[in-house]
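A.B. asks: sequence first, then the predicted structure, then my questions.
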Amino acid sequence: MNHLISPYQGELIDLLLSDEEAEQLKIESETFSAVVLSQRQQCDLELLLNGALSPLTGFMTEDIYNSVIENTCLPDSVIWPIPYCLDVGDEFADIEIGSQLALRDTEGFMPAVLTVESVWRVDKAKEAEAIYGTSDHEHPGVKYLFNSVGSFYIGGSVRGIQLPFHYDFDLLRNTPRELRQKFAKQGWQNIVAFHTSKPMHRVHHEITTLAANEANAHILIHPVVGMSKPGDIQYYSRVHCYQAIMEYYPKGLVELSLLPAALRMAGPREALMNAIIRQNYGCSHYIVGTEHAAPPNVRDNAVRFYPTGASQQYIKKYEDALDIKIVYANELCFNQQLGKFLPILEIKSADCEAVKFSNDKILEAISRSMVIPSWVTYPEVLSAMHQACPPREKQGITLFFTGLSGSGKSTLARIVYAKFIEHGVRPVTLLDGDVVRHNLSSELGFSKKDRDINVKRIGYVASEITKNRGVAICAPIAPYSKMRREVRANIEQYGAFIEIHVSTSLEECERRDRKGLYAKARKGLIPEFTGISDPYDIPENPELIINTENVLPIQAAEEIHLYLVREGYINSNTKV
C-alpha cells in the first residue's frame, strides 16, 4: 500500500463560484437539461461543494470510477475507497459529452451545474462486490444500489452556485473550512472525530473520552444527518441527544457539528472513506469501532455482513497513506461488580459478568415503558429520546391491511376504525382502497405503475398521520411486495407499521364477488386484475395474518385488538 498517496494536500478544493459568476450561470442554465437529485445525490453534492470530498472536482468519470472500484484509489494513486457518481435513468443515456446539466433539488433549487465528461451503463453486480463485498440484496446498501440507483452514471466537473439550504440547526452546520478556522481560533491542535448515526449514551462518552486521552486531543462529535441507516432515529431528534450529552464533557473539550452525508453502510471501505472526510474537516485523529459503518443486522439468520473488527483490520492496511491517525476503539461493556465500563475481552478474561444495553434495546425499553438502568444513559439524553420515541401507546400507528379484492380487509378496517373513533383517545383516519381511488387517485388506472403510485400516495398520507402520532388505517390491495416494503420503510421512521395480511383464499373471494369483478376478469373484460391476470405477492413477514373465511368480521377484528394490546400499542386498561 506504500504507493498510495493521501488525499490531503493542505488546501481544500472549492467548487463554489463567486457571486457574479453564479448569477451568470443561473441565467445560462435556463436552457440546460435538468436532473432532479435524490436525497443521497443531494448529500453527495453538498460534500463535493463544501470541500469534504477534496480533491474531487465533481462527480466521478468512468476512468476515475473504475480506478476506485478496482484499485481503491484515484488514477493519480490518491487513496479513495468509495465512488461518488451521478446516477440517472435511461432517458440520459444519449446525452452529449460537453453538455451542461442543471442539478436541482425536488423544490427546483439549483445548487450546481455539471459539465458532462463521461456517460456509461453501470455494472451494479461488479460495484456491489467491490464496494460492499457482497451482492446479497438483504444488505441495505446493495438493495439501494439495485433498486434505487439509475442504470447510467454521468461524470464531470461541477460548478457550485450555492450550498443547499438547511433551515434547522444552522449554527451546528459547518463546512470543512469553517471547522478548520474554528479549531485554529480555539488553539486546538489534535482533534479526534467521532462518527455516529445513533444517539450517544454513557458508553459512547467513555469511548470518546478514552480516545481523547490516548490522542491527547479535543473531541469532535460529528454525527451523520443526511441519509442514515434503516431504523435510525430521525436526525433532528438525535441532535437533541447530542446536545444533552455535551453537558457531561469538561467545558472546552468538545465541539458538535453535523455532517450532511449519505451512509452507504459499506463496512470496511466506508470506514476508510469516513476517515478521509474527517481529515478534510481538519481532524488529526479518527475513532474506528469494531462494527464501524456496518449495516444493521437484517439477515434472518442473524449473521452480520461484516465480521466484528473487519473495518479496523481493513483500515490498518491504509494507515501509512493517511494524514489522519486512527484510534481503534475496543468494544466496551459494563461491569456491574466494579461499576464501570471495561473492554469486553478484559471482562471475559477476568471471568466477570459483562452487561450490554444497545441503542435498539433502549428504544425497545422506552416503547414498552420499561425501566432503563442508570448506568446506560444520562437522564437528559433519555428525556430527549422519550420525546422522539414515546411509548407504544402514544406512538403514531399505521395499520396496513393488504389482501385480494373481497378478502374482507375493508370491512375489518372499518370495524377497527369505528372502535378507535368510539374510544376517542387518538386521532384516526381511514384510507380505504376504493375511497382513496375516488378522492386521491381518480386519474390512475390499474397498471402496475399506477397501482404503485396509488399505494405510494396512501403510504405518504399515512406517514404524515403517523408522524403526528395519529392512527392511519389503510386498506388497499397493495399487491406488490416491493412497494409495501417501501411504504413500511417510509412510515417506520415516524412510528409503528403493522402489516395485516387478510389471507382469505382466491376461491372464497370469488364466491363473495358482490361487485362481479372476478367474473368480468375471468372473461377478460378487466385486464390486470389482481389474482386472475395480475399476481399478488404474499407478504413475507406480516405482523398479523387474518383469514376471514370461518370467522365473523367482529371476531377477526378482535384478534387485531388483542395484538395491539399484547404489543403495547393500546393500554391494557383501554377498550378499543
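C.D. replies: Right, received. Where do you want to start? Numbering: from 1, shown residues only.
A.B. asks: ok, and for the one helix or strand R437 maps to, which residues are buried?
C.D. replies: Taking DSSP states H and E as the definition, R437 sits inside helix 433-439. Residues G433, V436 are the ones in helix 433-439 that count as buried (16 or more other CB atoms under 10 Å). From N, CA and C alone the C-beta is placed, and that goes for glycine too.
A.B. asks: how much space separates Y65 from G289?
C.D. replies: Distance from Y65 to G289, counting by CB to CB, to the nearest Å: 29 Å.
A.B. asks: okay, the two: which has more neighbours?
C.D. replies: Set side by side, Y65 and G289 show more neighbours around G289, with 23 against 20, by other CB atoms under 10 Å.
A.B. asks: ok, now which ones touch the more buried one?
C.D. replies: I207, S311, Q312, A329, E331 (CB atoms under 8 Å, 6 or more residues apart in numbering).
A.B. asks: tell me the pLDDT at R299?
C.D. replies: pLDDT recorded at R299 is 51.
A.B. asks: surely Q493 touches S463?
C.D. replies: Yes. Q493 lies in contact with S463 (CB atoms under 8 Å); the separation is 7.5 Å.
A.B. asks: okay, those two: which has more neighbours?
C.D. replies: S463 (22 against 16).
A.B. asks: now do the SS call for the more buried one.
C.D. replies: helix (DSSP: H, G, I helix; E, B strand; the rest coil).
A.B. asks: what's the spacing between it and P542?
C.D. replies: Taken as CB to CB, the span from S463 to P542 is 19 Å.
A.B. asks: got it, and I366?
C.D. replies: Taken as CB to CB, the span from I366 to P542 is 25 Å.
A.B. asks: then R484?
C.D. replies: 9 Å.
A.B. asks: anything in contact with each of those two?
C.D. replies: With CB under 8 Å, 6+ apart, R484 and P542 have common neighbours T402, E499.
A.B. asks: who's more crowded, those two?
C.D. replies: Shown here are R484 and P542; by other CB under 10 Å, R484 has more neighbours (23 against 18).
A.B. asks: flag the shaky bits of the chain, pLDDT-wise.
C.D. replies: Residues of the chain that meet the criterion pLDDT under 70 lie in 1-2, 9-10, 231, 297-302, 348-354, 572-576.
A.B. asks: which residues belonging to the longest strand along it are considered buried?
C.D. replies: Identified as the longest strand of the chain according to DSSP state E is strand 152-160. Using 16+ other CB under 10 Å as the burial criterion, the residues of strand 152-160 that qualify are F152, Y153, I154, G155, G156, V158, R159, G160.
A.B. asks: and it, what does it pack onto?
C.D. replies: helix 19-28, helix 39-50, strand 58-59, helix 62-71, strand 86-88, strand 100-104, strand 112-115, strand 118-121 (3 or more CB pairs under 8 Å, 6 or more residues apart in numbering; DSSP states H and E).
A.B. asks: for the ones you listed, give me CSV that also has distance to E567.
C.D. replies: Listed next are those as CSV, based on distance: least, CB to CB, whole Å:
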stretch, distance to E567
helix 19-28, 53
helix 39-50, 31
strand 58-59, 45
helix 62-71, 44
strand 86-88, 39
strand 100-104, 43
strand 112-115, 47
strand 118-121, 46
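A.B. asks: for the ones you listed, which one ends up most surrounded?
C.D. replies: Counting by mean count of other CB atoms under 10 Å, strand 58-59 has the highest mean neighbour count of the helices and strands packed on strand 152-160, with a mean of 27.
A.B. asks: residues in contact with it?
C.D. replies: 15, 44, 48, 84-86, 114-115, 117, 153-158.
A.B. asks: widest-spaced pair of those residues?
C.D. replies: L15 and Y153 (18.9 Å; CB to CB).
A.B. asks: stretch 280-296 spans what distance, first to last residue?
C.D. replies: 27 Å (CA to CA, to the nearest Å).
A.B. asks: separation between H386 and V203?
C.D. replies: Between H386 and V203 the distance is 19 Å, computed by CB to CB.
A.B. asks: comparing those two, which residue is more hemmed in?
C.D. replies: V203 (20 against 12).
A.B. asks: which residues touch the more buried one?
C.D. replies: Contacts of V203 (CB under 8 Å, 6+ apart): L332, F334, F341.
A.B. asks: before we move on, back to that, which elements pack onto the helix holding R437?
C.D. replies: Counting by 3+ CB pairs under 8 Å, 6+ apart, helix 433-439 packs on helix 409-423, helix 448-467.
A.B. asks: redo those as CSV? Include distance to K325.
C.D. replies: Output for these, formatted as CSV (distance: least, CB to CB, whole Å):
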stretch, distance to K325
helix 409-423, 57
helix 448-467, 42
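A.B. asks: need phi/psi at the residue nearest to D450 when sequence neighbours are not counted.
C.D. replies: Using CB to CB, 6 or more residues apart in numbering and skipping the chain neighbours, the partner closest in space to D450 is L444 (4.1 Å). With angles defined as degrees, to the nearest 10, L444 sits at phi -90, psi 150.
A.B. asks: how many residues are close by L444?
C.D. replies: 15.
A.B. asks: do the same with the one 4 residues further on
C.D. replies: By the other CB under 10 Å criterion, the neighbourhood of K448 contains 13 residues.
A.B. asks: and what of T106?
C.D. replies: The burial count for T106: 10, using other CB under 10 Å.
A.B. asks: just grab the bridge partners of the residue lying closest to it once chain neighbours are set aside for me.
C.D. replies: Leaving aside its chain neighbours, T106 sits nearest to V36 (6.2 Å; criterion: CB to CB, 6+ apart). Under DSSP bridges, the beta-bridge partners of V36 are R104.
A.B. asks: tell me if I'm right that V36 and D105 touch.
C.D. replies: Yes. When contacts are counted by CB under 8 Å, V36 is listed as touching D105 (7.3 Å).
A.B. asks: who has more neighbours, the two?
C.D. replies: D105 (17 against 13).
A.B. asks: from G459, how far off is the more buried one?
C.D. replies: Look at D105 and G459: by CB to CB, they are 22 Å apart.
A.B. asks: please apply the same query to P379.
C.D. replies: Applying CB to CB, the value for P379 to G459 is 36 Å.
A.B. asks: neighbour count for those two, which is higher?
C.D. replies: G459 (27 against 9).
A.B. asks: can you pull the contacts of the nearest residue to Y417 once chain neighbours are set aside?
C.D. replies: Nearest residue to Y417 in three dimensions, chain neighbours excluded: L430, at 4.4 Å (CB to CB, 6+ apart). Going by CB under 8 Å, 6+ apart, L430 touches A413, R414, Y417, I473, A475.
A.B. asks: then F32?
C.D. replies: So F32 contacts S99, Q100, L101, A102, V113 (CB under 8 Å, 6+ apart).
A.B. asks: got it, and F169?
C.D. replies: Counting by CB under 8 Å, 6+ apart, F169 makes contact with V225, Y236, V239, L258.
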